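*Asks:* Predicted model follows, preceded by the sequence.
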Amino acid sequence: MLAVASTGALWIALRVTPALAAITKVDLAVVRIIVDLRATPATRVMRALDDLGSGATIRILAWATIGALVAWRRFQHLVTYLATLLAGSFVETVAAMQVARIRPAGVVILGRWDGYAHPSRPVAGLALVLAGVTYTVVPAGVWRRRMTWAAGAALGCLAAARLYLATDHPTDVLAALVVGWVLPAMIFGWATPDDAFPVSYRRGRRAHLDIGGQRDRAIRQALDQQLGFTLGSVEYFGLGGSAGSTPLRLSVQRGGEGTAKTLMFAKLYAVSHLRSDRSYKLARSILYGRLEDERPFSSVRRLVEYEDHLLRLFRDVGLPTPAPYGFVEITPEREYLIVMEFFAGAEELGQRPLTVEEIDDGVAIVRRMWDSGVAHRDIKPSNLLVRDGRIQLIDVAFGAVRPTPWRQAVDLANMMLSLALASSPDQVYERALRVFTADDVAEAFAASRAVTIPAQLKSRIRSDGRDLPGEFRRLAPPRPPVAIQRWTLRRAGATLAVAAVAALLVWGSAVYARTAGLL
């Protein structure tokens, strides 16, 4: 912040004639000292180093970074990087036009130059793309420190070459470094902080946060102070599931030393998960409209409070969900950990054929939800565990209270599809008729469409090879499809806004690329 403020003060000073004269006098004195050291071999080296700031070098680095971010689907980093390039180019242009500084006078200029001298555009351009590589592609820690040193060396060489060839004043270079490095570092620190958007190349979902180092210590302290649990070990668990949180398995002691250790399941929520939830609900609002009219959570705290409430509600109405132990605050409004019962010895539904009793258990879960006025809204094999011959229901974070009949029907369809994967449609249909009417089942599959089936369940059905939805529709009484395209002003507005933004992005891409110097 001090560097940015100092650069702003410098630009103001350069527009005041006495101050401009004094600063230029000092700048020229430094440039003349460097020029006096010129030698033919050194000049060849400096001309080569000056190519570091060429347009070709900057474009190659910029497009390579953009390609890497697209390939790794780091879209938050990508948007921030593009905005940083555009902002940096804009600041450079405005500063150059306002200051309108000529090149060093009274010395022989050996390098290539174009336009005004302040700030040094080649230095600023190289700094912008190197800052982008450092903060969007390189993981935080030792590798980022190494990249910072390497970027500093490259920028130092270019700055030295520009001064040696007398194409820039020293203050031109310093201002360019602030615009090209300090300003992007501030933007990346604000828009893509490492705790919320870590750069990682390990396997697994990028939404899953690192649980080592400082965060590990924070988790231990929060569990001890807020729940009275002594944490023995913490490890990732079930990373192949949803990316809406970071799932963990904890080994804790509930009491003083000497008490037995207990396994617990926990979910770590952060700002990145909140943003994912908002995008998810916006997409559902556009797809379903009034039937899934949801509002995003205002904070991470509200998100974790909602799941803790639903865990207790589902248990209170007799559903086989994990017992909740509460949640802890790790970083106010940014990170929370919700703790619940761990179903030791349970296996995901579909690992083996189901018994009749287990099928009955799964169907009875939906019946209980219907009778209690709740819906799960994400029934799929990974959320249905089998333990000791009973079906256990997990991950109630997307649940709803007083759902629409359509949502209840979809829950029934997804449960029957999940059970049929480990048995047969005929068997599941026959057992379902013991607690539901044939019209209930017909309504469920009339409401079921590709967009209402969770991605994991859809993938399992595709791999299974059987047309499970079609077989259930054949078994149930005929029923016309239930229309889910219900339009409201809110849905129409959201759809038009998204379409307008997409069109604006397509139109602005060419303008942006040229303005930012990528073309």
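*Replies:* Sure thing, it's come through.
*Asks:* which is the next helix or strand following the helix or strand of the chain with the lowest mean pLDDT?
*Replies:* Across the helices and strands of the chain, mean pLDDT, DSSP states H and E gives its lowest value to helix 2-14, namely a mean of 59. Note on helix 2-14: by DSSP states H and E, the next helix or strand toward the C-terminus is helix 17-35.
*Asks:* May I see the buried residues of that following helix?
*Replies:* For helix 17-35, burial by neighbour count (16 or more other CB atoms under 10 Å) applies to 23-24, 27-28, 31, 35. Glycine gets a C-beta too; all of them are placed from N, C-alpha and C.
*Asks:* tell me the mean pLDDT over that helix?
*Replies:* Helix 17-35 carries an average pLDDT of 79.
*Asks:* my guess is M415 meets I365, correct?
*Replies:* Yes. Between M415 and I365 a contact is recorded at 7.0 Å, counting by CB atoms under 8 Å.
*Asks:* For L250, identify the helix or strand it belongs to.
*Replies:* Going by DSSP H and E, L250 is in strand 246-254.
*Asks:* List the strands paired with whichever helix or strand comes after that strand, with their directions.
*Replies:* Downstream of strand 246-254, the next assigned helix or strand under DSSP H and E is strand 261-269. Strand 261-269 has its sheet partners listed here by DSSP bridges as strand 246-254 (antiparallel), strand 335-341 (antiparallel).
*Asks:* Packing partners of the helix or strand just after strand 261-269?
*Replies:* The helix or strand immediately downstream of strand 261-269 is helix 271-288, counting by DSSP H and E. Contact partners of helix 271-288 among helices and strands, from 3 or more CB pairs under 8 Å, 6 or more residues apart in numbering; DSSP states H and E: helix 300-316, helix 489-515.
*Asks:* what's the next secondary structure element after the shortest one?
*Replies:* Right, helix 300-316. Where DSSP H and E defines the elements, the next helix or strand beyond helix 300-316 is strand 324-331.
*Asks:* So for that next one, mean pLDDT?
*Replies:* For strand 324-331, the mean pLDDT works out to 92.
*Asks:* from now on call the first residue 685
*Replies:* Sure, I'll start counting at 685 from here, so that last one is strand 1008-1015.
*Asks:* quick one: it to helix 984-1000, angle?
*Replies:* Taking axes from the mean of the first three to the mean of the last three CA atoms, to 10 degrees, one finds strand 1008-1015 and helix 984-1000 inclined to each other by 170 degrees.
*Asks:* Residues contacting strand 1008-1015, please?
*Replies:* With contacts defined as CB atoms under 8 Å, 6 or more residues apart in numbering, strand 1008-1015 is touched by 879, 899, 902-903, 906-907, 910-911, 913, 948, 952, 985, 988-989, 992, 995-996, 999, 1019-1025.
*Asks:* Which members of those residues are classed as buried?
*Replies:* Applying 16+ other CB under 10 Å to the contacts of strand 1008-1015 flags 879, 899, 902-903, 906-907, 911, 913, 948, 952, 985, 988, 992, 995, 999, 1019-1025 as buried.
*Asks:* Not counting its neighbours along the chain, what's nearest T1136?
*Replies:* With sequence-adjacent residues excluded and distances taken as CB to CB, 6 or more residues apart in numbering, T1136 is closest to V1094, at 4.8 Å.
*Asks:* That neighbour is in contact with A1130, isn't it?
*Replies:* No. Checked against CB under 8 Å, the pair V1094 and A1130 is beyond contact range at 10.4 Å.
*Asks:* which of the two has more neighbours?
*Replies:* More crowded of V1094 and A1130, by other CB atoms under 10 Å: V1094, with 28 against 21.
*Asks:* element containing the more buried one?
*Replies:* Assigned by DSSP H and E, V1094 falls in helix 1089-1105.
*Asks:* following that helix, which helix or strand shows up next?
*Replies:* helix 1109-1116.
*Asks:* quick one: the helix holding V1094 to helix 1109-1116, angle?
*Replies:* Going by the same axes, to 10 degrees, helix 1089-1105 makes 130 degrees with helix 1109-1116.
*Asks:* Please save the CA atoms from stretch 1021-1033 in CSV.
*Replies:* Extracted in CSV, the C-alpha atoms of stretch 1021-1033 (Å, rounded to 0.1, in the frame of the first residue of the first chain):
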residue,chain,number,x,y,z
LEU,A,1021,-16.0,-27.1,11.0
ILE,A,1022,-19.1,-29.1,11.6
VAL,A,1023,-18.7,-32.4,13.5
MET,A,1024,-21.0,-35.4,13.5
GLU,A,1025,-21.2,-39.1,14.0
PHE,A,1026,-18.9,-41.4,11.9
PHE,A,1027,-20.6,-44.5,10.6
ALA,A,1028,-17.7,-46.9,11.2
GLY,A,1029,-17.8,-50.1,9.1
ALA,A,1030,-20.3,-48.7,6.7
GLU,A,1031,-20.0,-49.2,2.9
GLU,A,1032,-21.4,-47.1,0.1
LEU,A,1033,-24.5,-48.5,-1.5
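*Asks:* What is the distance between that stretch and the centre of its chain?
*Replies:* Centroid displacement of stretch 1021-1033 relative to its chain, using CA atoms, centre = their mean, to the nearest Å, is 25 Å.
*Asks:* Can you give me the domain boundaries for this protein?
*Replies:* 686-882, 897-1025, 1031-1159, 1173-1203 (automatic domain parsing).
*Asks:* need those in JSON lines with distance to A1167, can you?
*Replies:* JSON lines is the format used below for these (distance: least, CB to CB, whole Å):
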{"stretch": "domain 686-882", "distance to A1167": "33"}
{"stretch": "domain 897-1025", "distance to A1167": "10"}
{"stretch": "domain 1031-1159", "distance to A1167": "9"}
{"stretch": "domain 1173-1203", "distance to A1167": "14"}
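*Asks:* List the residues that contact the nearest residue to G737 once chain neighbours are set aside.
*Replies:* Leaving aside its chain neighbours, G737 sits nearest to P806 (2.7 Å; criterion: CB to CB, 6+ apart). By CB under 8 Å, 6+ apart, the contact list for P806 reads 734, 736-738, 742, 842, 846, 860.
*Asks:* same question, V775
*Replies:* 863, 867.
*Asks:* Check the gap between it and L814 for me.
*Replies:* 17 Å (CB to CB, to the nearest Å).
*Asks:* swap in V791?
*Replies:* 28 Å.
*Asks:* What of S956?
*Replies:* 25 Å.
*Asks:* again, but for V754
*Replies:* The gap separating V754 from L814 is 19 Å, by CB to CB.
*Asks:* now swap in G896 and tell me
*Replies:* G896 is 28 Å from L814, by CB to CB.
*Asks:* who's more crowded, those two?
*Replies:* Higher neighbour count among G896 and L814: L814, with 24 against 9, using other CB under 10 Å.
*Asks:* Show the backbone phi and psi for the residue lying closest to A869 once chain neighbours are set aside.
*Replies:* Nearest residue to A869 in three dimensions, chain neighbours excluded: A815, at 6.2 Å (CB to CB, 6+ apart). Dihedral angles phi and psi of A815 (degrees, to the nearest 10) take the values phi -60, psi -40.
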